[in-house]
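A.B. asks: Next one to model:
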Amino acid sequence: MSSICLATLQRTQRNGVTYICTLTDILFNNNKTPMERKRAPKECGVPTLRVSEGSARIHLNRPQRHNRFEPADIETLSAMLRALAGHTSVRVLILTATGPSFSSGFDLDTLSGDRAVECTQAFAAMCDLLEGLPIPTVCGLNGNVYGGATDLALACDFRIGVEGCCLQMSPARLGIQYYYSGLQRYVERLGLREAKRLFLMGEQIDTPTMLRIGFLTETCAPDKLEARLDVVAGMLAQRSPASLRGLKSSLNSICRGTADATEINARFVESLTCSDAREGLKAWSERRLPKFASV
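C.D. replies: Okay, here's the model as predicted:
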């Protein structure tokens, strides 16, 4: 999508934590004077990825613009998701944001520009990448969520929102329609009635309504979000990675109507005698946490 390859990632280790940044970040920082580096804010505009102890965290980093998605954000986040899909040591992904809002959605300047088709298609593909990630994904909604960002959240397996957050989907107000996979996710996860209400009416809904219709998995106080995300990530990281990947794949295919019952049953039978099953049953009888191997 640009002349600079944002898919190139660099890993650095600090205090046992892996930080992953884009080639653009590296080039930008290397061209600064020492004083400019000292004055530079810790958070850059594009999303950042941090990996620690089997858990990955992606932060959206445009708080002054309510974390709206610009072309560079789409490229960067897509590259991160492709990289995570191939890392078997990562067991869970947390997606959250910096600032008072989760995301205001797609950048409207881009939407009205000559790259609108290219970038919206890339945004749809990014949401599909997130949904197809083999590991469990948790979206931490630290504030309001609008437009395309609602589909990004729906592409996650779990959505934990802070009390007081709101949601609005407004393509009809903008005079546009929507891409297939996003509409499909809405209908699958929320049902046709709620999908029509949100897309056709463009009504803003509050936290209790988001919870009632199934957009949110659970809610918590704003000052408790990070702690709750840590608890959920820790819980998922303790489970069998192979079991989680297989169960997620089976459940998604059943929901989408593409499941192969014979294949799912065969995986179940095979799992009964696998090493994870032996370890899990042994740990259960010994009343200890299991030590599952990475996939």
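
A.B. asks: Quick check, pLDDT for the nearest residue to residue 255 once chain neighbours are set aside.
C.D. replies: Distance criterion Cβ to Cβ, 6 or more residues apart in numbering; nearest residue to residue 255, sequence neighbours excluded, is residue 188 at 5.6 Å. Heads up, the C-betas are built off the backbone N, CA and C, glycines and all. On pLDDT, residue 188 comes in at 96.

A.B. asks: what's the answer for residue 86, then?
C.D. replies: If you check residue 86, the pLDDT there is 89.

A.B. asks: number of nearby residues for it?
C.D. replies: Per other Cβ atoms under 10 Å, the neighbour tally for residue 86 reads 8.

A.B. asks: just residue 154 next, same as before
C.D. replies: The number of residues packed near residue 154 is 21, by other Cβ under 10 Å.

A.B. asks: and if you look at residue 128?
C.D. replies: By the criterion of other Cβ under 10 Å, residue 128 has 19 neighbours.

A.B. asks: got the buried residues for the host helix or strand of residue 182?
C.D. replies: Assigned by DSSP states H and E, residue 182 falls within helix 180-190. Burial within helix 180-190, assessed by neighbour count using 16 or more other Cβ atoms under 10 Å, is assigned to 182, 185, 186, 189, 190.

A.B. asks: And for stretch 101-112?
C.D. replies: For stretch 101-112, the neighbour count (16+ other Cβ under 10 Å) marks 101, 102, 103, 104, 105, 106, 107, 110, 111 as buried.

A.B. asks: hmm, who's touching whichever strand or helix holds residue 281?
C.D. replies: Assigned by DSSP H and E, residue 281 falls within helix 275-285. For helix 275-285, contacts defined as Cβ atoms under 8 Å, 6 or more residues apart in numbering pick out 240, 242, 243, 271, 289, 290, 291, 292, 293.

A.B. asks: Only alpha carbons, please: show the strand or helix carrying residue 56 as CSV.
C.D. replies: Per DSSP H and E, residue 56 falls inside strand 55-60. What follows is strand 55-60, C-alpha atoms only, in CSV (Å, rounded to 0.1, in the frame of the first residue of the first chain):
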residue,chain,number,x,y,z
SER,A,55,1.0,-13.0,25.9
ALA,A,56,0.9,-10.4,23.1
ARG,A,57,-0.6,-6.9,23.5
ILE,A,58,-1.4,-4.5,20.6
HIS,A,59,-2.1,-0.9,21.5
LEU,A,60,-3.8,1.7,19.2
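
A.B. asks: Give the other helices and strands that it contacts.
C.D. replies: If you count contacts as 3 or more Cβ pairs under 8 Å, 6 or more residues apart in numbering; DSSP states H and E, strand 55-60 packs onto strand 48-52, helix 71-85, strand 92-97, helix 225-237.

A.B. asks: Need the winner for burial among these.
C.D. replies: strand 92-97 (a mean of 24; mean count of other Cβ atoms under 10 Å).

A.B. asks: so that one versus strand 55-60, what angle?
C.D. replies: Strand 92-97 and strand 55-60 are oriented at 20 degrees to each other (axes from the mean of the first three to the mean of the last three Cα atoms, to 10 degrees).

A.B. asks: Kindly reformat the buried residues of helix 180-190 as a markdown table containing distance to residue 47.
C.D. replies: A markdown table is the format used below for the buried residues of helix 180-190 (distance: Cβ to Cβ, whole Å):
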| residue | distance to residue 47 |
| --- | --- |
| 182 | 19 |
| 185 | 20 |
| 186 | 23 |
| 189 | 23 |
| 190 | 26 |
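
A.B. asks: Of those residues, which pair is most distant in space?
C.D. replies: Largest separation among the buried residues of helix 180-190 by Cβ to Cβ: 182 and 190, giving 11.9 Å.

A.B. asks: quick one on the thing from earlier: dump the buried residues of stretch 101-112 into CSV; add pLDDT and secondary structure as well.
C.D. replies: Shown next, in CSV, are those (pLDDT from 0 to 100; DSSP: H, G, I helix; E, B strand; the rest coil):
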residue, pLDDT, secondary structure
101, 96, coil
102, 98, coil
103, 97, strand
104, 95, coil
105, 94, coil
106, 91, strand
107, 89, coil
110, 89, helix
111, 87, helix
